[in-house]
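Undergrad: Show me the folded form of this:
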Amino acid sequence: MTSLWLDPAPAIPTDGPDSPRSFDEIVVGGGLTGLVTAVLLARAGRRVGVLEAREVGAVTTGNTTAKLSVLQGAHLQTVLHRTDGRVLRGYVEANLAGQRWLADYLQANGLPVQVRDAVSFASTPDGRSTVEREFEVAREAGLPVTFGEASDLPFATFGAVRLAGQLQLDPMDALAALAAELRSLGGVVRTGVRMTGVRVGRPVRVRTTAGEFACERLVLATGIPTLDRGLYFGKLRANRSYAAAYRTDAPLPTGMYLSVDAPTRSIRTAPDPDLDAPNPELLLVGGYGHEVGREPSPAGRAAALDRWAHEVWPDAVQTHRWSAQDYETPHGVPFVGWLPRGRGRVHLATGYDKWGMTNAVQCGLTLAGDLLGGLPDWARTLRHRVTLPRAIGVGIGINAAVAKHYAVGWARAMTRDLPAAAPREGEGSVGRARGAGDGRGWFERMPRPTAVSTVDGVTCRVSGICSHLGAIVTWNDAEHTWDCPAHASRFAADGRLLEGPAKRGLARRPA
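TA: Numbers count the residues shown, from 1 in each chain. Predicted coordinates for the structure are as follows:
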């Protein structure tokens with residue numbers, strides 16, 4: 001599964017192992033949040049290093065639908081419901097600031113961007129009240145929205161709220177420009193370097209798979225913080241959603257659309273990289289999300305999205321398909337600022353709930369304000385929000401679900417023997433396996449939860465226990481990965497760590 005933006009991804013020059021290891025600030029994460037923060041710091045004369053575990057944009061930013069919009073489905077009413085009007089207005093101001101900053105940056109660098117109307121629509125009669133409420137809330141927050149119908153969609157809708165002048169882009173263009181500017185200012189970008197631990201002192205010592213780095217202050221700009229201090233893994237709900245690009249000769253919608261009822265469906269267009277294609281634009285369809293590690297068949301969700309796209313555009317030919325992971329906070333507003341128990345020298349940003357284009361930039365502006373001084377007024381408003389009972393209830397629900405999946409996962413893993421035969425191609429299962437350890441003692445010979453899968457003709461056996469906090473992983477048949485239903489760490493079929501709060505992969509088990 002490769003996104004339209006990553007195939008082919010632009011060649012983004014980075015730095016090698018002979019580059020400096022001591023900085024004023026180190027930013028962990030080479031996505032939009034990390035690079036915006038790093039550029040703002042470097043412009044102020046700071047010595048900045050960016051450490052990315054994989055490649056620039058390899059995780060969230062490179063797998064987004066890349067809509068730079070302040071109208072966000074039905075999210076504004078979620079923020080208002082879980083906070084108050086003051087926080088809602090601060091959230092809108094923050095997203096407008098992020099949108100303006102990135103739009104100006106793209107224009108200044110001559111990068112393509114398309115101006116579109118953002119439209120939140122109801123696909124069922126029951127969804128109309130949600131659209132009407134979003135219209136009221138958006139207007140209350142000061143947005144110039146209009147109410148009507150999504151008449152240019154080739155299927156029936158039941159009301160729509162529209163905000164003109166929103167943007168869509170190729171996110172990898174933005175990352176390439178940001179990385180180039182950072183390096184021109186003396187910053188360093190290292191890829192293939194995963195952070196494994198931190199010792200907070202003067203300086204902050206950052207342990208990685210490429211040795212130790214040092215800095216005065218550390219910024220965690222990963223999807224979810226990879227340091228457990230602060231317990232953010234227990235404050236966030238992780239979701240995966242799916243997207244696909246299609247070529248079609250049918251007339252294409254002219255805006256960026258998102259349904260407010262289930263299943264969520266996102267619709268937009270993008271320039272076709274094949275200049276010889278008869279239609280200059282591709283159709284992008286996304287949605288059908290689920291909580292990470294808790295869906296029996298993610299492939300079924302991706303297939304349902306594809307079936308729906310062909311029902312509406314029968315001649316559509318899929319060119320790309322991909323998925324992304326997003327994190328939701330209990331109150332609907334990102335966490336950004338100081339990490340608890342970080343002595344004021346460790347900072348973080350997380351919890352964009354599928355709206356990372358605007359929120360990533362506003363969080364970068366907030367982090368730069370923290371580190372350099374001059375925090376925006378809207379950032380102060382968001383920081384001093386009160387956690388209301390509704391948000392507390394959401395947080396309790398998040399952790400109750402985690403406890404359930406710990407219990408269910410372990411019960412199933414320890415009462416189900418692994419089959420003797422290898423799984424069929426593309427399949428995986430978890431069960432108990434005797435002698436799963438490498439030693440000869442009685443403990444090593446005890447049954448252990450073991451995960452076995454077959455991908456591209458290769459059968460792999462790994463520990464079925466997530467290396468983060470010990471939940472039992474589940475098989476993702478859409479992406480051929482092992483996903484943790486507790487805190488959303490994800491691993492390749494051979495156990496390699498892909499993303500999430502875990503710091504190491506799944507241990508290999510002997511055949």
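Undergrad: residue contacts, Gly289?
TA: Asn239, Arg240, Ser241, Tyr242, Thr264, Arg301 (CB atoms under 8 Å, 6 or more residues apart in numbering). (Each C-beta comes from the backbone N, C-alpha and C, glycine too.)
Undergrad: and with 6 Å instead?
TA: Neighbouring residues of Gly289 by CB atoms under 6 Å, 6 or more residues apart in numbering: Asn239, Ser241.
Undergrad: mind checking how far the helix or strand hosting it is from the chain centre?
TA: Element membership for Gly289, per DSSP states H and E: strand 281-291. Offset of strand 281-291 from its chain centre (CA atoms, centre = their mean, to the nearest Å): 14 Å.
Undergrad: Tell me the helix or strand right after it.
TA: helix 298-312.
Undergrad: can you give me the helices in the stretch 51-200 of the chain?
TA: Using DSSP state H, counting those that start in this stretch, the helices assigned to the stretch 51-200 of the chain run over residues 75-82, 85-108, 128-140, 171-184.
Undergrad: What angle do helix 128-140 and the shortest one make with each other?
TA: The reference is to helix 75-82. 80 degrees (axes from the mean of the first three to the mean of the last three CA atoms, to 10 degrees).
Undergrad: Can you name the residues in contact with helix 75-82?
TA: Against helix 75-82 from outside (CB under 6 Å, 6+ apart): Leu88, Tyr91, Arg133, Glu134, Val137, Ala138, His331, Gly332, Arg390, Ala391.
Undergrad: Quick one: buried ones out of these?
TA: Leu88, Tyr91, Arg133, Glu134, Val137, Ala138, His331, Gly332, Ala391 (16 or more other CB atoms under 10 Å).
Undergrad: Provide a list of residues in contact with the fifth one.
TA: For Val137, the set of contacting residues under the criterion of CB under 6 Å, 6+ apart consists of Leu76, Gln77, Leu80.
Undergrad: For the first one, give its distance to Ala507.
TA: Distance, Leu76 to Ala507, using CB to CB, to the nearest Å: 44 Å.
Undergrad: which of these two has more neighbours?
TA: Leu76 (28 against 15; other CB atoms under 10 Å).
Undergrad: any idea how far Gln166 is from that one?
TA: Using CB to CB, Leu76 is found at 14 Å from Gln166.
Undergrad: that older thread, now the helices of the stretch 51-200 of the chain in JSON lines, with mean pLDDT and distance to Glu52?
TA: Listed next are these as JSON lines, based on pLDDT from 0 to 100; distance: least, CB to CB, whole Å:
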{"stretch": "helix 75-82", "mean pLDDT": "96", "distance to Glu52": "28"}
{"stretch": "helix 85-108", "mean pLDDT": "97", "distance to Glu52": "20"}
{"stretch": "helix 128-140", "mean pLDDT": "97", "distance to Glu52": "36"}
{"stretch": "helix 171-184", "mean pLDDT": "97", "distance to Glu52": "10"}
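Undergrad: any chance of those helices in JSON lines, with distance to Ala421 too?
TA: JSON lines is the format used below for the helices of the stretch 51-200 of the chain (distance: least, CB to CB, whole Å):
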{"stretch": "helix 75-82", "distance to Ala421": "47"}
{"stretch": "helix 85-108", "distance to Ala421": "52"}
{"stretch": "helix 128-140", "distance to Ala421": "48"}
{"stretch": "helix 171-184", "distance to Ala421": "42"}
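Undergrad: Sort out which one of the buried ones among the contacts of helix 75-82 lies nearest Val317 for me.
TA: Glu134 (33.6 Å; CB to CB).
Undergrad: Surely the closest one touches Ala74?
TA: Yes - look at Glu134 against Ala74 with CB atoms under 6 Å: they come within range, at 5.1 Å.
Undergrad: So what sits opposite Trp338 in the bridge?
TA: Taking DSSP bridges as the rule, Trp338 bridges to His347.
Undergrad: any idea how far the residue lying closest to Leu175 once chain neighbours are set aside lies from Leu236?
TA: Nearest non-adjacent residue to Leu175, counting by CB to CB, 6 or more residues apart in numbering: Gly57, 4.7 Å away. To Leu236, Gly57 is 21 Å away according to CB to CB.
Undergrad: just Ile472 next, same as before
TA: Counting by CB to CB, the gap from Ile472 to Leu236 is 20 Å.
Undergrad: so can I have a markdown table of the buried ones among the contacts of helix 75-82 showing distance to Gly342?
TA: Below are the buried ones among the contacts of helix 75-82 laid out as a markdown table (distance: CB to CB, whole Å):
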| residue | distance to Gly342 |
| --- | --- |
| Leu88 | 29 |
| Tyr91 | 25 |
| Arg133 | 39 |
| Glu134 | 37 |
| Val137 | 35 |
| Ala138 | 36 |
| His331 | 21 |
| Gly332 | 24 |
| Ala391 | 23 |
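Undergrad: tell me which of those residues is nearest to Asp18?
TA: Tyr91 (43.4 Å).
Undergrad: ok now do the closest one, which residues does it touch?
TA: Val79, Val333.
Undergrad: cutoff 8 Å now
TA: Counting by CB under 8 Å, 6+ apart, Tyr91 touches Leu76, Val79, Ala141, Gly332, Val333, Trp378, Leu382.
Undergrad: May I ask which of those has the most neighbours?
TA: Neighbour max across the contacts of Tyr91 (other CB under 10 Å) = Leu76, 28 neighbours.
Undergrad: just to revisit the earlier point, to what extent is the residue nearest to Leu175 buried, counted in neighbours?
TA: 27.
Undergrad: quick one: which two of the contacts of helix 75-82 are the most distant?
TA: Most distant of the contacts of helix 75-82, by CB to CB, are Ala138 and Ala391, 20.7 Å apart.
Undergrad: give me the element Ala38 is part of.
TA: helix 32-43.
Undergrad: list the helices and strands that helix packs on?
TA: Packing partners of helix 32-43 (3 or more CB pairs under 8 Å, 6 or more residues apart in numbering; DSSP states H and E): strand 22-28, strand 48-52, helix 171-184, helix 356-372.
Undergrad: Please write out the alpha-carbon positions of the helix or strand just after the last one in PDB.
TA: In this case it means helix 356-372. Later in the chain than helix 356-372, the nearest helix or strand by DSSP H and E is helix 377-383. The C-alpha coordinates for helix 377-383 follow below in PDB (Å, rounded to 0.1, in the frame of the first residue of the first chain):
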ATOM      1  CA  ASP A 377      -3.000  34.300  22.200                       C
ATOM      2  CA  TRP A 378      -4.900  31.400  20.700                       C
ATOM      3  CA  ALA A 379      -2.300  29.000  22.000                       C
ATOM      4  CA  ARG A 380      -2.700  30.400  25.500                       C
ATOM      5  CA  THR A 381      -6.500  29.900  25.300                       C
ATOM      6  CA  LEU A 382      -6.100  26.300  24.200                       C
ATOM      7  CA  ARG A 383      -3.500  25.600  26.900                       C
END
